[in-house]
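Novice: dropping the sequence and predicted coords here.
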Amino acid sequence: MIPVLIVLNAGSSSVKFQVFDMPDGAEPRLVWKGLYEGLGGAAHFVVKHAGGANLDEISWASGEDFGHEEALMHLVSWLRQHQEGRRLAAIGHRVVHGGEAFSAPVLVDDGVIQTLDALVPLAPLHQPHNLEPIRIVRRRLPGMPQVACFDTAFHQTQSGIARMFALPREMRERGVKRYGFHGLSYDYISSVLKDYDPRLAEGRVVVAHLGNGASLCALDKGVSIATTMGFSALDGLPMGTRCGAVDAGVVFYMLREMKLSPEEAERVLYTKSGLLGVSGLSNDMRVLRANAATDTDARRAIDLFVYRITREIGSLVAALGGLDGLVFTAGIGENDAATRAEVIAGLAWAGLTLDEAANRAGGPRISAGPGPAAWVVPTNEELVIARQTRGALGAVQAKLAS
Ligand code: AMP
């Protein structure tokens, strides 16, 4: 029987999953990938072969009370019916915040869940949804090994200074510092740099993870030394609906002068800002691009997004002491040639020159000339979770055997 593992990435009304074979001694191999969406309402399930061809699809009517628990139980039974020759060995979860406690993936037990629960206030939009399936599996499939893989862990290599805010010491001691996120994505990019150009793996690289969430990471020899996200997933670049960095004084203004409650202010900053807030139209870059010629607010949202990315890249180049490569990844980074072109145009001072034809074709190398190279590299967070889950299980088994 080939052991398989499920990788889960749960949101408020959706669960994305991938199923990997774990052949002995080789890289985990994707078998199926899919999605439950509309959970709690009219739910829909779709699963595809690794190559992308549709394999199965089911819809539930809105009155059927089909939530996260029903989805996970459905997935396990779907797997049983289709997993000929395979055995479910573990479940790996994406968990956005590991705080100071977890600098590596961890096998879940009750103590781990308790520690992760305490981090909910640091990532209120994501952490509760990430923990929900962990609890469900613990209750419904007791004994199933589960591994939590963190978006923060990859950044623990940063220096104390890079992670510090200029706040009183007591606050630092309470854990108020920069954690950084998108670490599973940066881990993947770091692991494949050598396949694109060995000099990147040994050099100074800025990775731009530009999706609905967006951040930048400075990699020195593949290791994170700085990132734009901070204490929460709000900091840094403007995102689909999140504001990115704002002067903390704005928050006091919202509370004191605009009389918003903390919850209302939080909702504005997390869900009504960013591309959506500036454009008043959409958080979706495709919609903004389609309207930018005629809608000045859509154009303004894109311009601010590009301006902030370019400025923050400058900051990370300073932290790295130079630049050998720039990598674009995630939904916008991988697909929006116009954003890549506009960012590179703003980096002429750093020696970057766009190869227009290569950029239109999607890369992988999209720069010309002798300066730093720019690349498009598709990210694969799920593969990192699969690798980490297997690694964590292997470590536990090795410990038990010794
Ligand atoms: P992600 O969170 O990584 O799935 O990225 C979502 C973002 O990628 C959204 O803003 C989408 O509009 C954007 N995106 C996806 N495909 C394209 C595309 N072909 N062109 C421009 N933007 C895209």
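Specialist: Great, that's in hand. Residues are numbered from 1 along each chain as shown.
Novice: please give the element, helix or strand, for residue 45.
Specialist: Following DSSP states H and E, one finds residue 45 within strand 44-49.
Novice: by proximity to the ligand, which residue of the stretch 51-200 of the chain wins?
Specialist: Nearest residue of the stretch 51-200 of the chain to the ligand: residue 185, at 8.8 Å (CB to the nearest ligand atom). Bear in mind the C-beta positions are built from the backbone N, C-alpha and C, glycine included.
Novice: mean confidence for the helix or strand hosting that residue?
Specialist: Using DSSP H and E, residue 185 maps to helix 183-196. Across helix 183-196, pLDDT averages out at 98.
Novice: strand partners (parallel or antiparallel) of the strand holding residue 45?
Specialist: Strand 44-49 sits in its sheet next to strand 29-37 (antiparallel), strand 54-59 (antiparallel), going by DSSP bridges.
Novice: give the buried residues for the helix holding residue 185.
Specialist: 183-190, 192-193, 196 (16 or more other CB atoms under 10 Å).
Novice: enumerate every residue touching the residue lying closest to residue 362 once chain neighbours are set aside.
Specialist: Closest residue in space to residue 362, ignoring its immediate chain neighbours: residue 376 at 5.9 Å, by CB to CB, 6 or more residues apart in numbering. By CB atoms under 8 Å, 6 or more residues apart in numbering, residue 376 lies in contact with 327-329, 333-334, 340, 362-364, 366.
Novice: for those, which two are the farthest from each other?
Specialist: Using CB to CB, the pair of these lying farthest apart is 327 and 362, separated by 13.5 Å.
Novice: these two: which is more packed in?
Specialist: residue 327 (27 against 13; other CB atoms under 10 Å).
Novice: my read is that the more buried one contacts residue 207, right?
Specialist: Yes. Between residue 327 and residue 207 there is a contact under CB atoms under 8 Å: 4.6 Å.
Novice: closest residue of the stretch 151-300 of the chain to the ligand?
Specialist: residue 211 (2.4 Å).
Novice: count of residues packed around that residue?
Specialist: 19.
Novice: and if you look at residue 4?
Specialist: The burial count for residue 4: 22, using other CB under 10 Å.
Novice: return the set of residues that bridge with it.
Specialist: residue 21, residue 88.
Novice: hmm, it is touching residue 19, no?
Specialist: Yes. Residue 4 is in contact with residue 19 according to CB under 8 Å; the separation is 5.7 Å.
Novice: ends of stretch 277-293, how far apart?
Specialist: One end of stretch 277-293 sits 18 Å from the other (CA to CA, to the nearest Å).
Novice: which ones are touching the residue of the stretch 51-200 of the chain closest to the ligand?
Specialist: The neighbourhood of residue 185, defined by CB under 8 Å, 6+ apart, consists of 207, 209, 329-330, 379, 381, 384.
Novice: ok, and the most crowded of those?
Specialist: Going by other CB under 10 Å, residue 207 tops the contacts of residue 185 with 30 neighbours.
Novice: give me the common contacts of residue 327 and residue 207.
Specialist: Common neighbours of residue 327 and residue 207 (criterion: CB under 8 Å, 6+ apart): residue 189.
Novice: thinking again about what came up before, pLDDT value on the residue of the stretch 151-300 of the chain closest to the ligand, please?
Specialist: Model confidence at residue 211 (pLDDT) stands at 96.
Novice: what sits against residue 138?
Specialist: So residue 138 contacts 108, 110, 113, 146 (CB under 8 Å, 6+ apart).
Novice: so among the contacts of residue 376, where is pLDDT lowest?
Specialist: residue 363 (95).
Novice: helix or strand for it, which one?
Specialist: Per DSSP H and E: nothing holds residue 363, as it lies in no helix or strand.
Novice: what's the spacing between it and residue 48?
Specialist: Applying CB to CB, to the nearest Å, the value for residue 363 to residue 48 is 24 Å.
Novice: neighbour count for these two, which is higher?
Specialist: With neighbours defined as other CB under 10 Å, residue 363 and residue 48 compare such that residue 363 has more, 21 against 15.
Novice: show me what contacts the more buried one?
Specialist: 328, 375-377.
Novice: inside helices: which ones of those residues?
Specialist: Among these, no member is found in helices (DSSP state H).
Novice: between those, which is closest to residue 268?
Specialist: Of the contacts of residue 363, the one sitting nearest to residue 268 (CB to CB) turns out to be residue 328, at 29.0 Å.
Novice: any idea how far that closest one lies from residue 377?
Specialist: 7 Å.
Novice: hang on, the earlier thing: skipping adjacent residues, who's closest to the residue of the stretch 151-300 of the chain closest to the ligand in space?
Specialist: Nearest to residue 211 is residue 330, by CB to CB, 6+ apart, at 3.4 Å.
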